[in-house]
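> Starting from these lines, generate the structure:
(2 chains)
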Amino acid sequence: MRARDVVITGLGTAVAGAGGPETLLRGPVAGGDDPVTRLRGPGLRYKDRATRLALCAARDALADAGLPEALDAPEGTEGGGGPLVDGLRFGVVVSTNWGNVDTVCETSATIHRAGYTATSPMLLPNTASNVTASWVAITHGLRGANVTLCNGPTSGLDAVHWARTLIAAGRLDHALVIGVEPVNEPVRRLVGTGGPGLFDGAVSLVAEAAPAAAARGARPLARVGPYARRADPDAAVAAVRADEPAAPARWYVPEGRPAGGDTGPAGLPAHDLSLRWGRSSGALGVLQCVAGTAELARTGQAAALASAGGEGDDGAAALLLLAATAAGAGA
Amino acid sequence: MNVLVTGMGAVSSVGGDARATFAALAQGRSGLAELRGFDRSRFRARHAYEIDDRPAPGTDVPLRATGWLLRAVAEALADAGLAGDLTGVPVLVGTTLRELRSVELNWCEGAPFDAARLHFGTALRERFGADRTYTVANACSASLYALGLGTDLLETGEADTVVVAGVDTITESTYGLLDRVYREAPESVRPFDRGRRGMLQGDGAAAVVLRRGPGAPAGARAYATVRGVGLNCDAYHPSAPDSGSIGRVMREAHRRAGIKPADVDLVLLHGTGTPLNDEAEARALGEVFAGVPRPPRMTAVKSMIGHTAGASGLHSLITAVQALHSGRVPPTLGLDEPIDEVAGFRLAREPVTERGMSLAQVDSFGFGGLNAVAVVEKVS
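Next comes the predicted model:
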């Protein structure tokens, strides 16, 4: 494994009806509990739904990666990061499009109805679209670069790309990547509820520089392969496959792709996760990577292809996930 | 490899382009005015730094922020001698509030709005053919954070040219919540003054074109090099700053730039005029620049254009570059009685001229403890 390789070492899901990352390909089980009911602690009342969902997924991904829950606790104490994980080198990349639309709509409606005195001052941070990423950082002591992408249909794959770039540029050794979309009345009105419905949940993965993961004895589940963003979806897919000999065993297609069916245009088995989990917008790319990583780790397949954004969108992104072992895990 | 700034564009309450904005700032002209965008009966605060390009008084329309962004980017591209086609060129847009003002107009007044325009890639694709666009919602440090991400793309060899921009407009929800939070409504932004009451928002956009050096490409000039950008997160509080973490990101920017604090000639301060920010920033600067025989010149342009949020970091950077070239340092308005923490700093209430400056530090901090600090150097 090369020094600049970025590996995925942990996965988390906070989606009603999903039992964990390995169940994402199967679809929801009826009657699943709302994951945010698992959260405890002070200050929950003023956290928006996107933040609550993201906190659940983040906690699970850190635990799955074998990382402590609080990176800024003193070394040697319970929860302390220890000598091998430095909170200053641990960043956060969140992807969401509808995350704080509820606070903005409800607050402006309150002001229209009853003036500024009727608002709650505790909601001020929630008006900024980075509020989820900042609560994740505060909760776990992650003091490296912290980025929120609100980038339309490709946003989740873009987030994985930026986590890898921040690591490759030497800013971070570890990054928590989260894709989250909440469902509430302002979101329904803005986005519409047609098609397969709306995804309400969060998914998360831990990305690490391969040497940093190896140094702490972490088990790599997959490697982050080539990424491209282009005007045309086919061009994005062709770009990531151009230099990569490994043939993907599965293709996670953009949501609502008209072709549908079980086979993609390149003859690959196709998965439209929105048919199982609803239209997931900014969460989609991370959802694809979490599902794909779990599948690669389980089957030992060589690669999985994720793509988001299609005709009519402002751009399309594609990303290859590669088997962790192809280049010698832990080397 | 170095990172060159080859084009600049800006829109603000004091000017419609980068040069007009700097000319106003260098004269100490403010964009402060009575609130025009919202029904004043709903607020206690009375002022803002708006770009009032609405079709008629009291009539707001969606997508004004997008319009300013496109203008700033077009100006920067023309300034850099680039054609208006951005196919394959990464464009990073830093913003706090995206097109959420349009979402408010849609929710409260039924104005038509397509959710695909909440991020800026849709408009950038239509106007410039841009297909590698990223809307980075990193609160009030967003455009300087985006600058750091843009330099990473150049340094890792992913691109030879990158456009970095920032934009924000004032939303009714944020204006009202700030009004709710402050004890008394600010009448102006008065960074580092004892009488400061808080921030007032400003409208605006800014953009720069970055190219991989060593030298400027044929047909282009270089204004400055971006020597280094430090990025971090306090992981401390959703809105209150942490001066220790701010000091750390300043040192990180210096380390990446390969400079010592004594090398800095000019600091464009974040300087929001909120009690907490100014104290934390001043304390961090005091520590980082301790022992420097002659501290740098400093100024805070939010005293004239308000807090332009996601655009503010690049507004400061573009001001810094023009100040290094002209020797003209814009004043910090409203600084009647400086707080103790800035004693000994070279802040001025009046415009000053200082020759021979070459290196500037630009501060930008945001909610969630998002800190970005850039070091830029004049190219003569």
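> Chain B versus A:Asp314, what's the distance?
4 Å (Cβ to the nearest Cβ, to the nearest Å). Every C-beta, even on glycine, is put in place using the N, C-alpha and C of the backbone.
> To which secondary structure element is that residue assigned?
Under the criterion DSSP states H and E, no helix or strand holds A:Asp314.
> and B:Ala33, backbone torsions?
Main-chain dihedrals, B:Ala33, degrees, to the nearest 10: phi -160, psi 170.
> Tell me where chain A is predicted with low confidence.
Scanning chain A for pLDDT under 70 picks out the ranges A:1-3, A:72-83, A:257-266, A:326-331.
> Number of residues surrounding whatever residue of it ends up closest to chain B?
Nearest to chain B, among the residues of chain A, is A:Ser134, at 2.6 Å (Cβ to the nearest Cβ). Residues lying near A:Ser134 (other Cβ atoms under 10 Å in any protein chain shown) number 30.
> Assess the claim that it and A:Arg143 are in contact.
No - with contact defined as Cβ atoms under 8 Å, A:Ser134 does not count as touching A:Arg143 (11.4 Å).
> Can you check which residues contact both of those two?
Residues touching both A:Ser134 and A:Arg143 by Cβ atoms under 8 Å, 6 or more residues apart in numbering or on different chains: B:Cys233.
> Show me how the record splits chain B into domains.
In the domain annotation for chain B, the residue ranges read B:3-212, B:227-378 (automatic domain parsing).
> in the stretch 1-150 of chain B, which spans are helices?
Using DSSP state H, counting those that start in this stretch, the helices found in the stretch 1-150 of chain B span residues B:18-26, B:64-79, B:100-109, B:121-128, B:142-155.
> With respect to burial, which of those helices scores highest?
Comparing the helices of the stretch 1-150 of chain B by mean neighbour count (mean count of other Cβ atoms under 10 Å in any protein chain shown), helix B:142-155 ranks first with a mean of 28.
> That one: what's the following helix or strand?
strand B:161-168.
> starting at the chain centroid, how far to that following strand?
Remark: strand B:161-168 is offset 11 Å from the chain centroid, using Cα atoms, centre = their mean, to the nearest Å.
> and the helix or strand just after that strand, anywhere near chain A?
Scanning forward in sequence from strand B:161-168 by DSSP H and E, the next helix or strand is helix B:172-181. Yes - for helix B:172-181, a contact with chain A is found by Cβ under 8 Å from any Cβ of the partner chain, at B:Glu172, B:Ser173, B:Thr174, B:Gly176, B:Leu177, B:Leu178, B:Asp179, B:Arg180, B:Val181.
> Check the burial of the closest residue to the first one other than its chain neighbours by counting its neighbours.
If I follow you right, that is B:Glu172. Distances taken as Cβ to Cβ, 6 or more residues apart in numbering or on different chains put A:Ser108 closest to B:Glu172, at 4.7 Å, once the chain neighbours are dropped. If you count neighbours by other Cβ under 10 Å, A:Ser108 ends up with 28.
> So A:Ser108 is in contact with B:Thr171, correct?
Yes - judged on Cβ under 8 Å, A:Ser108 makes contact with B:Thr171 at a distance of 7.2 Å.
> so what's in contact with the two at the same time?
With Cβ under 8 Å, 6+ apart, A:Ser108 and B:Thr171 have common neighbours B:Glu104.
> still on that earlier bit, kindly format the C-alpha coordinates of the helix or strand containing the residue nearest to B:Glu172 as PDB.
Assessed by DSSP H and E, A:Ser108 sits inside helix A:101-114. Only the C-alpha atoms of helix A:101-114 are listed here, as PDB (Å, rounded to 0.1, in the frame of the first residue of the first chain):
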ATOM      1  CA  VAL A 101     -33.500  24.300   5.900                       C
ATOM      2  CA  ASP A 102     -35.900  23.700   8.800                       C
ATOM      3  CA  THR A 103     -34.300  26.200  11.100                       C
ATOM      4  CA  VAL A 104     -34.100  28.900   8.400                       C
ATOM      5  CA  CYS A 105     -37.800  28.400   7.300                       C
ATOM      6  CA  GLU A 106     -39.200  28.100  10.800                       C
ATOM      7  CA  THR A 107     -37.300  31.100  12.200                       C
ATOM      8  CA  SER A 108     -38.200  33.400   9.300                       C
ATOM      9  CA  ALA A 109     -41.800  32.400   9.600                       C
ATOM     10  CA  THR A 110     -41.700  33.200  13.400                       C
ATOM     11  CA  ILE A 111     -40.200  36.600  12.600                       C
ATOM     12  CA  HIS A 112     -43.000  37.200  10.000                       C
ATOM     13  CA  ARG A 113     -45.600  36.200  12.500                       C
ATOM     14  CA  ALA A 114     -44.400  37.800  15.800                       C
END
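> Give me the residues contacting it.
Contacts with helix A:101-114, where a contact means Cβ under 8 Å, 6+ apart, come from A:48-49, A:118-119, A:123, A:126-127, A:182, A:184-187, A:190, B:42-43, B:100, B:103-104, B:107-108, B:171-173, B:176-177.
> what angle sits between that helix and helix B:100-109?
Helix A:101-114 runs at 50 degrees relative to helix B:100-109, counting by axes from the mean of the first three to the mean of the last three Cα atoms, to 10 degrees.
> Go through helix A:101-114 and flag the buried ones.
By 16 or more other Cβ atoms under 10 Å in any protein chain shown, the buried positions in helix A:101-114 come out as A:Val101, A:Asp102, A:Thr103, A:Val104, A:Cys105, A:Glu106, A:Thr107, A:Ser108, A:Ala109, A:Thr110, A:Ile111, A:His112.
> Would you report the backbone torsion angles of B:His119?
According to degrees, to the nearest 10, B:His119 has phi -100, psi 160.
> For it, which non-adjacent residue is spatially closest?
Distances taken as Cβ to Cβ, 6+ apart place B:Thr135 nearest to B:His119, at 3.9 Å, with adjacent residues excluded.
> Correct me if wrong: that neighbour contacts B:Arg98.
Yes - using Cβ under 8 Å, B:Thr135 is in contact with B:Arg98, at 6.4 Å.
> Between those two, tell me which one has more neighbours.
The neighbour count for B:Thr135 versus B:Arg98, taken as other Cβ under 10 Å, is higher for B:Thr135 (32 against 29).
> The more buried one: what's it in contact with?
If a contact means Cβ under 8 Å, 6+ apart, then B:Thr135 has A:Leu149, A:Cys150, A:Asn151, A:Gly152, B:Val93, B:Thr95, B:Arg98, B:His119, B:Phe120, B:Gly121 as its contacts.
> starting at the chain centroid, how far to stretch B:186-193?
For stretch B:186-193, the distance to the chain centre is 17 Å (Cα atoms, centre = their mean).
> Any buried residues in that stretch, and which?
Buried residues in stretch B:186-193 (16+ other Cβ under 10 Å): B:Pro186, B:Ser188, B:Val189, B:Arg190, B:Pro191, B:Phe192, B:Asp193.
> what's in contact with that stretch?
With Cβ under 8 Å, 6+ apart, stretch B:186-193 has contacts from B:30, B:32, B:45-47, B:49, B:196-200, B:269, B:271-273, B:278, B:282, B:300, B:302-303, B:306-307, B:332-339, B:341-342, B:347.
> filter these to the buried ones?
Applying 16+ other Cβ under 10 Å to the contacts of stretch B:186-193, the neighbour count classes B:30, B:32, B:45, B:47, B:49, B:196-200, B:269, B:271-273, B:278, B:282, B:300, B:302-303, B:306-307, B:332-335, B:338-339, B:341-342, B:347 as buried.
> wait, is A:Val147 part of a helix?
No - A:Val147 sits outside any helix when classified using DSSP: H, G, I helix; E, B strand; the rest coil, being strand.
> Not counting sequence-adjacent ones, nearest residue to it?
That would be A:Val93: by Cβ to Cβ, 6+ apart, it lies 4.8 Å from A:Val147.
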